[in-house]
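> I'd like to go over a predicted model; first the sequence, then the structure.
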Amino acid sequence: MKVRSSVFASFILILEVLGVALFLRGFFPPLTGESGTRHHHHRAGGSSNTSGAPKPLFKRVVVMLVDALREDFVFGPNGPMFLPYTRHVIERGSSLSFVAKARPPTVTMPRIKALTTGSIPGFIDVVMNLNSPALSEDNLIWQAKTAGKKIIFYGDDTWVRLFPKHFMEHDGTTSFFVSDYTEVDNNVTRHLDSTLKRDDWDILILHYLGLDHIGHISGPHSSLIQPKLLEMDDILKKIHGSLVSKEADGSLPYLLVLCGDHGMSETGSHGGSSEPEINTPLVLISPIFKRKAEMEKPGVVEQVDLTPTLALGLGLPISQNSVGHVIPGVLEESSLREQLRFLHLNGHQLSCLLKDSTPEYQKEAGFEQFRVAEKAHGGWMKLYLEGNTSEVLTNMGKKVLKQYLEALAAMSSALSKQLGKYDMYSMIAGMVFVFQLLLVLLLAMPEALSGSASVDLPVLSSLLSLPFYLLCLFLASVHVLVCTSAESSCYFCSLSWGLVFAAVAFSSAMFCILISLARRRLPDGSQRRKTSSSGGEWMLSELDVLLLAGTVGHTLSLAASSFVEEEHQTWYFLLNTLCLTVFQDVCRKYFREQRDEEEQIILSKKSQTFSHSGSEMCSEKWLALATPPFTLLCCRLLRSLNQTGVQWAHLPDVGHWLNSSEHKVILSLLSAFCLVLIYLLVQRRCSWVSKVALAFGLVGVYSYRAAVGNVLFPWQHSSRTTSKGTVEARFVYVFVLGILFSGTKDLLRSQIITADSKLKSRGLWEIYSGLVLLVSLLFRAHNLPVLCCCLLIQTLMAQFIWKKLHYDAAQTTIMHYWFGQAFFYFQGNSNNIATVDISVGFVGLESYVEAPAVFLTALSTYAGPLLWACHLVCYLSSERDRSPVAVGHGCYCLALLRSVPAAAYIVLVTVLRYHLFIWSVFSPKLLYESMHLLLTAGVCLFFITMEQTQPKSDFQ
C-alpha cells in the first residue's frame with residue numbers, strides 16, 4: 001500500500017501521541033495509599049497507654065489561606081511595610097511562625113490536597129488542576145464533618161469541587177480568571193462581618209486569590225502587591241480582633257492560621273521547585289502560645305505537617321495517608337502526658353502507613369525508633385499511673401518525647417519519598433508502541449524523501465502472514481499473564497478486551513511491517529555494490545553533518561538534569577553554530593565562485609542591462625552576507641530580554657527593566673515600533689482587505705495593552721485607572737477571524753474550484769498573518785521584539801539564504817525546527833511549569849471558559865515553534881522553483897525531528913524514574929515534550945491539506 005510521505009508521517013505522529021498518552025498514564029499513576037475515607041481513630045489509639053479520644057486543644061479554628069503568599073512577603077525586610085499588624089503579632093504576640101515548604105508541583109489543587117490529606121499529590125495533578133474531581137481520599141475536612149464540626153468556606157471554588165457536600169455554608173469564586181484581582185477577594189470579605197458575629201461554626205476557611213492573580217499579571221515586584229498585602233493584613237486584624245473579643249474564661253482557645261498554598265516565582269508564576277515557589281509562611285496565632293519579646297527566626301516545617309497538627313488540635317483522627325508529623329511547638333503548653341499521647345497517635349498512624357506502602361518496613365530506621373519509643377512510653381505510663389512524681393520521671397518523659405520526635409521525622413521523611421508506584425506495564429506498553437512507530441518512520445526514510453515522496457507499506461502481506469497471528473497469540477498471553485499476576489492495578493489491564501485486542505493486533509502488524517521494511521533495506525551483495533557505486537546522492541555536506549550531529553547531540557543531552565534545566569543554552573549554541581555554518585556557505589557561494597561570475601560579466605558587458613543586473617547582484621550579495629551576522633545579533637539581543645532556566649532565572653533582565661513603571665514610555669515607543677514593523681513584514685503577501693484588517697488589528701493590540709496599563713498613548717497619563725481590556729481584545733479577535741476567513745476562502749477556492757497557485761499562496765500567507773496578529777495580542781508588551789525578530793529573520797532567510805543557496809526541503813525543515821525551538825526559549829519559556837503564562841488564557845474573556853483558555857495558553861506558550869512550522873508550510877508551498885513533493889518531505893522531516901527526542905525521552909525518564917530530580921526536573925519536561933508532540937501532529941495534518949494533489953490517490 002503506497003502512502004504519501006505527509007499522510008504517512010501524520011499517521012505515525014497521531015499514533016505516537018496515543019502511545020505517549022498510555023506511557024503518561026503509567027508514569028503518573030494514582031498514589032499507592034488507601035483512597036477510602038474510613039474512620040480509623042480506634043486503630044490509631046488502640047494501645048493501652050493512649051486509649052480514648054484525644055481532647056481538642058482548640059474550640060474554633062480560622063484558616064486564612066492567601067494564594068501565592070511568599071515567605072519573604074511576611075518574614076522578609078518588606079514585611080513590616082506589607083503586613084504591619086501581622087508582623088507585630090509575630091514579633092510581640094502569642095504566635096508561632098514557620099517557613100512551610102511545599103512540594104512540587106506548586107499549583108493550587110495539589111497544594112489543597114496536601115493541606116487537607118497530609119499526602120504528597122502526584123505530578124499529574126497539574127493537569128487535574130483545571131477540572132478538580134471530588135476528593136475521595138481520607139482528609140481533614142471529611143473527618144471534621146464526620147465528627148459533627150460545622151465548616152464554613154469562602155473563596156477558591158476548587159475547595160467546593162473537592163469537598164462538594166462538606167460545608168455548612170460556602171461561596172466559591174473561580175480561580176482561573178486571573179485578570180480579576182479585586183472582586184475575587186471582595187466576594188470573600190463581604191461575608192466576613194456577619195460570619196464572625198455568629199457562633200454556629202467551628203471551622204472557617206478563607207481562600208484569597210487576588211495576590212496570585214496580581215503575580216500572574218505583573219509579577220512579585222508589581223506596585224499592586226503592597227496594596228493587596230495591606231488589604232490582607234487588615235482582614236487578618238479584623239479576624240484576630242473578633243476572636244479575641246469572643247474569648248471566654250474557662251473555654252478552649254481559638255486558633256488563627258495564616259498560610260499560603262504555594263509561593264511565587266520571580267516572573268509571578270508558580271508550578272516549579274524554585275525557593276520562592278516552595279517557601280510559604282505559616283503563622284499560628286492563639287493565646288495558648290507564649291507571648292514573644294522580639295522577632296525570632298521562623299522554623300522550617302513541611303507543608304503537610306499542618307494536617308496532623310490541625311487534626312490533633314481539633315480532636316480528630318489523622319488522615320490515613322498523611323505523611324506529615326505534628327508541629328511540636330503547638331503542644332508545648334500541654335502536659336507531658338498529653339504531648340506523649342499526641343505524638344504516639346501520630347507515630348501509630350505513620351507506622352501503619354509505612355507497613356501498607358513498604359514491604360520491608362521493619363528495616364526502616366524510623367519504624368524501629370518508633371517501636372523503641374513506644375516501649376519506653378509504656379514504661380513511663382506505668383510509673384506515672386503508680387503516682388510517681390519524681391524528677392526522674394520527668395526526665396524520662398522528656399527522653400521519650402525526643403525519641404518520638406526523631407521517629408516521626410524519620411518515618412515522615414521515608415514516606416515522603418514514596419510518591420507512588422509506577423504502572424510499569426502501561427509504561428512499557430506505551431514505550432514499545434512508540435519505538436515501533438519510530439523505527440517504521442526511520443526505515444521508511446529513503447522512500448519518504450525520494451522523488452515520488454511516497455512510502456510503500458507492506459500492510460496486506462503482513463496481516464496475512466503467519467508471524468502476525470503468532471505474535472497476536474503471544475502478546476495476548478503475555479497480557480493475560482501480567483494482568484492476572486500483577487500485585488497492583490494496571491491501567492492497561494483495566495481496558496476492555498476490544499481495545500486490548502486492537503492494540504495487540506496493531507502492535508503485531510507494526511512488528512511484521514518493521515521486519516519487511518528491514519529486509520527491504522538489506523539487499524544482497526550485488527545490489528549492495530550497485531547501491532554503493534551509485535551512492536553519490538547520500539553524500540553529506542558540512543551543513544548536513546551539523547544538523548544531524550546537533551539533533552542527535554541535543555537528544556542525548558536530555559539524560560542530564562542540568563541540561564534539561566538549561567536546555568535553552570543548548571539551542572542557543574546550536575543556533576549560533578548554524579548561523580556561522582550558513583555564513584560559510586554564503587561566503588563560498590559569493591567569493592569562491594567570483595571568478596566564474598566575472599567571466600559571465602565580461603561576456604555580458606555588451607548587454608544594455610549590465611548595470612542594472614550588476615547592481616542587483618551586488619546588493620543581493622551583500623544582503624546575503626549580512627543575513628547570518630544580523631541573525632546572530634538578533635539572537636544575542638533576545639537572550640538578554642528574558643532570563644530563563646534555573647541557574648540564572650533570578651537575575652534581572654531587559655524584560656524586567658522595560659516593565660518597571662519608570663520605563664513605561666520607553667516600552668510604549670518600543671511596542672509601537674514593533675507593531676509597525678510587524679505590519680510591514682506581514683502585509684506584503686496579503687490582499688488589500690487583509691491588509692486593512694491587519695492594520696486595524698495591530699492598532700487594537702496597542703489599545704489593549706494601553707487599557708491594561710502596560711503602555712501609554714501620548715495623551716494618556718500614567719496614573720490612569722486600568723481595565724481588563726475586554727472590549728479592545730474582542731476588537732482584535734474580530735479582525736483575526738476576518739483574516740483567517742479570507743485566507744481559508746482563498747485556499748478552498750484554489751483547492752476545489754480552480755488550481756491557482758497564486759491564490760493558494762495568498763491564502764496561506766493570509767492565514768499566517770492572522771496567526772501573527774493573534775500572537776501579537778497574546779504576547780506581553782516587552783515580548784513584542786521577539787515576534788518582530790522572528791518575522792524579520794524569516795523574511796531575510798527566505799529571501800537570501802534558503803532560496804539563493806538552494807537548500808533542499810529537509811535542510812530547510814531542520815533549520816525551521818531549530819529556530820522554533822530557540823524562539824520557544826526567547827519568549828521566556830523553560831522546562832519549568834512556572835513559566836507558563838496562564839493570564840493570556842483570559843484575554844478578552846469576562847469569565848473562565850475552559851476551551852478558549854486552554855487554547856490561548858497553549859498557543860502563547862508554543863508560539864515560537866508554531867510560527868516557524870507554519871512559515872515552513874507557507875514557504876515550501878509558495879516557492880515555484882520547489883519540487884511539488886517538497887511539502888511532503890518537510891512534513892516527514894518535521895515528524896522525524898519530533899519523534900526522535902520524544903521516544904528517547906520516555907526511555908530516559910523510565911531509567912531515571914528514581915532519580916532525585918525526577919519530579920522537579922524530568923517530569924515537567926515530559927509534559928512539555930508530550931504537548932509539543934501533540935501540536936506537531938496538528939501541524940502535520942495541515943501539511944497534508946497543503947500538499948499538491950497527485951494524480952494517484954493517497955492509498956493504493
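Received, thanks. Numbers count the residues shown, from 1 in each chain.
> low-scoring stretches of the stretch 801-950 of the chain, by residue?
Within the stretch 801-950 of the chain, the ranges that satisfy pLDDT under 70 run 948-950.
> can you tell me the centre-most residue of the chain?
With distances taken as Cα atoms, centre = their mean, residue 833 lies nearest the centre of the chain, 3.3 Å away.
> what's the spacing between that residue and residue 263?
Computed as Cβ to Cβ, to the nearest Å, the residue 833 to residue 263 distance reads 14 Å. Quick note: C-beta positions are derived from backbone N, CA and C, even for glycine.
> now swap in residue 850 and tell me
On the measure of Cβ to Cβ, residue 850 and residue 263 end up 26 Å apart.
> and these two? Which one has more around it.
More neighbours surround residue 263 than the other of residue 850 and residue 263, with 27 against 11 (other Cβ atoms under 10 Å).
> residue ranges with poor pLDDT in the stretch 551-700 of the chain?
In the stretch 551-700 of the chain, residues with pLDDT under 70: 592-617.
> and if we set it to 80?
590-619, 646-651 (pLDDT under 80).
> what about the helices in it?
Using DSSP state H, counting those that start in this stretch, the helices of the stretch 551-700 of the chain run over residues 561-565, 567-587, 594-603, 610-641, 654-659, 664-682, 688-707.
> can you check which of those gets nearest to residue 543?
When the helices of the stretch 551-700 of the chain are compared by Cβ to Cβ, helix 567-587 sits nearest residue 543, at 5.5 Å.
> what is that closest one packed up against?
For helix 567-587, the packing partners by 3 or more Cβ pairs under 8 Å, 6 or more residues apart in numbering; DSSP states H and E come out as helix 542-557, helix 610-641, helix 809-826.
> do that again at 10 Å, thanks
Helices and strands touching helix 567-587, by 3 or more Cβ pairs under 10 Å, 6 or more residues apart in numbering; DSSP states H and E, are helix 542-557, helix 561-565, helix 610-641, helix 784-797, helix 809-826.
> residue 236: which of the helices of the stretch 551-700 of the chain is closest?
helix 654-659 (29.8 Å).
> and the contacts of the closest one?
218-219, 221-222, 266-267, 637-643, 653, 663-664, 666-668, 670-671, 710, 780-783, 785-786, 828 (Cβ atoms under 10 Å, 6 or more residues apart in numbering).
> one more pass at 6 Å, please.
By Cβ atoms under 6 Å, 6 or more residues apart in numbering, the residues outside helix 654-659 that reach it are 640, 641, 642, 667, 782.
> could you do stretch 112-125 as well?
The set of residues external to stretch 112-125 that reach it, using Cβ under 6 Å, 6+ apart, is 28, 31, 103, 105, 109-110, 137, 139-141, 158, 303-304, 307, 319, 321-322, 324, 416, 419-420, 919, 923.
> any idea of the pLDDT on the closest residue to residue 412 other than its chain neighbours?
In space, and not counting its chain neighbours, residue 412 is closest to residue 325: 4.7 Å by Cβ to Cβ, 6 or more residues apart in numbering. pLDDT, residue 325: 92.
> in this structure residue 325 contacts residue 406, no?
No - if you go by Cβ atoms under 6 Å, residue 325 and residue 406 don't touch, sitting 10.4 Å apart.
> who's more crowded, these two?
Legend: neighbour count by other Cβ under 10 Å for residue 325 and residue 406, higher for residue 325 (31 against 16).
> just the CA atoms of stretch 84-98, as PDB, please.
Taking C-alpha atoms only, stretch 84-98 is exported to PDB below (Å, rounded to 0.1, in the frame of the first residue of the first chain):
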ATOM      1  CA  PRO A  84       2.400  45.600  59.600                       C
ATOM      2  CA  TYR A  85      -0.200  44.100  62.000                       C
ATOM      3  CA  THR A  86       0.800  40.600  61.100                       C
ATOM      4  CA  ARG A  87       4.500  41.300  61.800                       C
ATOM      5  CA  HIS A  88       3.500  42.900  65.100                       C
ATOM      6  CA  VAL A  89       1.700  39.800  66.200                       C
ATOM      7  CA  ILE A  90       4.700  37.600  65.000                       C
ATOM      8  CA  GLU A  91       7.200  39.700  66.900                       C
ATOM      9  CA  ARG A  92       5.300  40.500  70.100                       C
ATOM     10  CA  GLY A  93       2.100  38.400  70.200                       C
ATOM     11  CA  SER A  94       1.200  34.900  71.100                       C
ATOM     12  CA  SER A  95       2.100  33.100  67.900                       C
ATOM     13  CA  LEU A  96       4.300  30.600  66.200                       C
ATOM     14  CA  SER A  97       5.900  31.300  62.900                       C
ATOM     15  CA  PHE A  98       7.400  28.800  60.400                       C
END
